[in-house]
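>>> with the input below, show me the fold.
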Amino acid sequence: MARKVVITGLGTVCPLGVGIDALWGGLCEGRSGLGPITAFDPSGFRSRLAGEVTGFSAKDFVPKHYRKAVKVMARDIELAVGAALLAVQDAGLRTKAVSEEAPSYPGERVGCQIGAGLIAAETEELAPAVASAADESGRFQTRRWGNIADAGGAGGMENLPPLWLLKYLPNMLACHVTILHGCEGPSNTITCAEASGLLSLGESLRVIQRDDADACFTGGAESKLNLMGMARLDLAGRLAPTGDATGGAGFVRPYDPDAPGTLLAEGGGVVILEEASCAAGRGARVYAEVAGFGAAQGPPPFGAMGLGEYSAEPAGEGLRLAIEAALADAGMGPGEIDAVVPTGAGVAGADAAEAWALRAVFGDRLAGLALVTTRPNLGDCQAGNGALQVAVACRCLHEQRLPARLHAGAPAPGLDAGACAARGARVRAVVVCSSSLGGQNAAVVLRAPDAGGAAGQR
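Below is the predicted model of the structure:
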């Protein structure tokens with residue numbers, strides 16, 4: 001019998017604020033955190049709005065002796081470190097970062113799986129090094145970059161800051177969290193774009209189920225608010241052209257066939273997973289049981305030559321398989337699900353593929369099944385999306401309430417995704433799902449803690 005796993009702590013950092021209460025409160029009030037980009041000059045881009053995290057400094061989330069390490073944290077790492085501490089505090093855990101008393105769990109029984117993106121180096125650090133590897137005509141030369149002896153020049157690589165690599169490796173999110181909180185159990189980093197957070201949660205679930213840990217930090221964080229991140233997603237045709245508009249919620253319209261695209265954001269979250277009887281033994285509050293998990297690969301949503309026409313059925317097949325696998329793992333049927341927290345990116349083709357997958361799983365029920373969409377509020381946090389979606393689902397279960405939905409357009413028929421106010425609801429089980437630009441898909445079934453039978457085993 002697999003060990004039962006529950007979620008006991010939620011830590012989020014996002015454009016609606018720092019902490020789960022800021023996220024949940026903003027969603028219920030129907031607020032959007034999308035506005036003009038201030039992190040850099042976006043005037044050269046068609047999309048000039050995004051979701052920025054304000055009032056946040058990683059120095060406030062690490063012990064005093066660790067503050068020098070913040071200098072070698074890219075923005076993605078900072079977000080993960082902040083979210084991890086918030087999750088620990090919300091769960092009431094003792095770790096070496098927050099207490100001098102004995103930790104709640106021995107270090108070797110605590111794992112850490114955090115999803116990450118391919119962190120883009122800051123322009124101020126990378127550009128001078130790249131420029132120094134150019135030849136007399138101004139063209140970049142790989143031999144000069146590597147300082148090959150007969151290539152001339154000083155070698156661009158040598159002009160990078162000494163600890164440059166430690167700042168931009170994707171596994172450094174989990175690295176800093178494990179060091180800070182004394183996690184000595186299994187650790188992993190998953191870099192599968194928007195699906196990274198949910199895939200990491202699935203990894204944590206299996207680690208605890210096979211008795212390799214009693215608790216895990218899990219989630220994801222990312223900031224694409226930099227020149228390379230914006231250019232990459234714009235060239236992929238994902239971003240809405242905003243011109244000089246100042247409000248972003250009207251651009252991001254989930255499941256609207258006429259949606260112009262999504263808006264980028266920064267943010268992410270970490271949630272605490274624990275084996276159920278261990279959590280009960282320390283008197284922990286339980287938000288949800290992780291009842292099932294599924295993952296599947298599908299065709300990427302773009303053709304081999306770059307941009308291409310979406311075909312909803314093949315592009316959605318991977319997500320359908322992932323959701324069905326999660327339901328089977330939970331021992332539940334589609335009729336037992338009360339709400340779905342989907343990707344709902346506001347990218348017309350991607351949303352059409354996701355809608356196809358949801359229809360394939362839920363059939364006629366889908367028209368009355370509440371879709372909890374967050375992109376008009378938060379934007380696309382890429383690898384940070386999954387943990388934010390899970391945190392929102394946990395609060396839906398805990399509060400027996402669905403947050404408000406923003407929508408400035410008209411979602412496709414048969415989808416409960418239009419604008420509405422927050423409302424009370426009977427929420428016993430929720431599917432959280434995510435697809436990605438690379439074709440990776442993941443889904444999780446979360447169940448109310450009193451709806452899954454006796455604690456400890458299932």
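
>>> for residue 29, grab the count of nearby residues.
The tally of other residues near residue 29 (other C-beta atoms under 10 Å) stands at 13. Where you see a C-beta, it was placed from the backbone N, CA and C, and this is true even at glycine.

>>> so it is in contact with residue 406, correct?
No - between residue 29 and residue 406 there is no contact under C-beta atoms under 8 Å: 10.5 Å.

>>> show me where the stretch 201-350 of the chain has its strands.
215-223, 266-275, 288-297, 339-341 (DSSP state E, counting those that start in this stretch).

>>> tabulate these (a markdown table), appending mean pLDDT and mean neighbour count.
Formatted as a markdown table, the strands of the stretch 201-350 of the chain follow (pLDDT from 0 to 100; neighbours: other C-beta atoms under 10 Å):
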| stretch | mean pLDDT | mean neighbour count |
| --- | --- | --- |
| strand 215-223 | 98 | 34 |
| strand 266-275 | 97 | 30 |
| strand 288-297 | 98 | 24 |
| strand 339-341 | 98 | 25 |
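
>>> include distance to residue 47 when you put these into JSON lines, please.
Listed next are the strands of the stretch 201-350 of the chain as JSON lines, based on distance: least, C-beta to C-beta, whole Å:
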{"stretch": "strand 215-223", "distance to residue 47": "15"}
{"stretch": "strand 266-275", "distance to residue 47": "15"}
{"stretch": "strand 288-297", "distance to residue 47": "29"}
{"stretch": "strand 339-341", "distance to residue 47": "25"}
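
>>> ok, which of these comes nearest residue 24?
Closest to residue 24 of these, according to C-beta to C-beta: strand 266-275, at 11.9 Å.

>>> for residue 183, which of the strands of the stretch 201-350 of the chain is the nearest?
For those, the distance to residue 183 is smallest for strand 215-223, at 6.4 Å, taking C-beta to C-beta.

>>> which secondary structure elements does the closest one contact?
Contacts defined by 3 or more C-beta pairs under 8 Å, 6 or more residues apart in numbering; DSSP states H and E place strand 215-223 against helix 75-91, strand 110-115, helix 172-181, helix 196-209, strand 266-275, helix 385-399.

>>> next secondary structure after the third one?
Tracing the chain C-terminally past helix 172-181 and defining elements by DSSP states H and E, one meets strand 187-190 next.

>>> what about residue 54, how many neighbours?
Burial of residue 54 is recorded as 10 neighbouring residues (other C-beta under 10 Å).

>>> now do residue 392
For residue 392, using other C-beta under 10 Å, the count is 26.

>>> what segments of the stretch 351-458 of the chain are strands?
Counting by DSSP E, counting those that start in this stretch, the strands of the stretch 351-458 of the chain are 370-371, 401-402, 423-424, 429-434, 440-447.

>>> for the second one, packing partners?
In this structure, strand 401-402 makes packing contacts with strand 423-424, judged by 3+ C-beta pairs under 8 Å, 6+ apart.

>>> domain parsing for the protein?
In terms of domains, the chain is parsed into 5-119+169-447, 123-165 (source: automatic domain parsing).

>>> pick the most deeply packed of those domains.
Of all the domains of the chain, domain 5-119+169-447 has the most neighbours on average by mean count of other C-beta atoms under 10 Å, namely a mean of 22.

>>> centre of the chain versus it, how much separation?
Taking C-alpha atoms, centre = their mean, to the nearest Å, one finds the center of domain 5-119+169-447 at 3 Å from the center of the full chain.

>>> now the end-to-end length of that domain.
Distance across domain 5-119+169-447, first residue to last, is 11 Å (C-alpha to C-alpha, to the nearest Å).

>>> before we move on, the earlier item: comparing the domains of the chain by mean pLDDT, which bottoms out?
Looking at the domains of the chain, the lowest mean pLDDT belongs to domain 123-165 (a mean of 80).

>>> just give me how far that domain sits from the chain centre.
Centroid separation between domain 123-165 and its chain, computed with C-alpha atoms, centre = their mean, is 34 Å.

>>> residue 406 against residue 28, yeah?
No - counting by C-beta under 8 Å, residue 28 is not a contact partner of residue 406; they are 11.7 Å apart.

>>> the protein: helices as residue ranges?
Using DSSP state H, the helices of the chain run over residues 20-29, 75-91, 123-131, 142-145, 164-168, 172-181, 196-209, 227-235, 276-281, 312-330, 348-362, 375-378, 385-399.

>>> which one of these lies closest to residue 259?
Smallest distance to residue 259 across the helices of the chain (C-beta to C-beta): 4.9 Å, for helix 348-362.

>>> and that closest one, what other elements does it pack with?
Packing partners of helix 348-362 (3+ C-beta pairs under 8 Å, 6+ apart): helix 312-330.

>>> again, only using 10 Å
Counting by 3 or more C-beta pairs under 10 Å, 6 or more residues apart in numbering; DSSP states H and E, the packing neighbours recorded for helix 348-362 are helix 312-330, strand 339-341, strand 370-371, strand 429-434, strand 440-447.

>>> could those go into JSON lines alongside distance to residue 22?
Shown next, in JSON lines, are the helices and strands packed on helix 348-362 (distance: least, C-beta to C-beta, whole Å):
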{"stretch": "helix 312-330", "distance to residue 22": "29"}
{"stretch": "strand 339-341", "distance to residue 22": "18"}
{"stretch": "strand 370-371", "distance to residue 22": "22"}
{"stretch": "strand 429-434", "distance to residue 22": "20"}
{"stretch": "strand 440-447", "distance to residue 22": "21"}
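
>>> closest to residue 104 out of these?
Across these, residue 104 has its closest neighbour in strand 440-447 (22.5 Å, C-beta to C-beta).

>>> next, the contact list for the closest residue to residue 386 other than its chain neighbours, please.
Of all residues not flanking residue 386 in the chain, residue 197 sits nearest, at 2.2 Å (C-beta to C-beta, 6 or more residues apart in numbering). Neighbouring residues of residue 197 by C-beta atoms under 10 Å, 6 or more residues apart in numbering: 113-116, 190, 218-222, 268-271, 381-390, 432, 434, 442, 444.

>>> so what's the nearest residue to residue 129 once chain neighbours are set aside up against?
Distance criterion C-beta to C-beta, 6+ apart; nearest residue to residue 129, sequence neighbours excluded, is residue 159 at 4.1 Å. By C-beta under 10 Å, 6+ apart, the contact set of residue 159 is 125, 126, 128, 129, 130, 131, 132, 133, 145, 147.

>>> if we go to 7 Å?
Contact partners of residue 159, counting by C-beta atoms under 7 Å, 6 or more residues apart in numbering, are 128, 129, 132.

>>> rewinding a little: for residue 418, which of the helices of the chain is the nearest?
Among those, the nearest to residue 418 by C-beta to C-beta is helix 375-378 (11.4 Å).

>>> mind listing residues that contact the closest one?
Helix 375-378 is contacted by residues 14-16, 26-27, 31-33, 51, 249, 252, 254, 262, 265, 267, 344-346, 388, 406-407 when judged by C-beta under 7 Å, 6+ apart.
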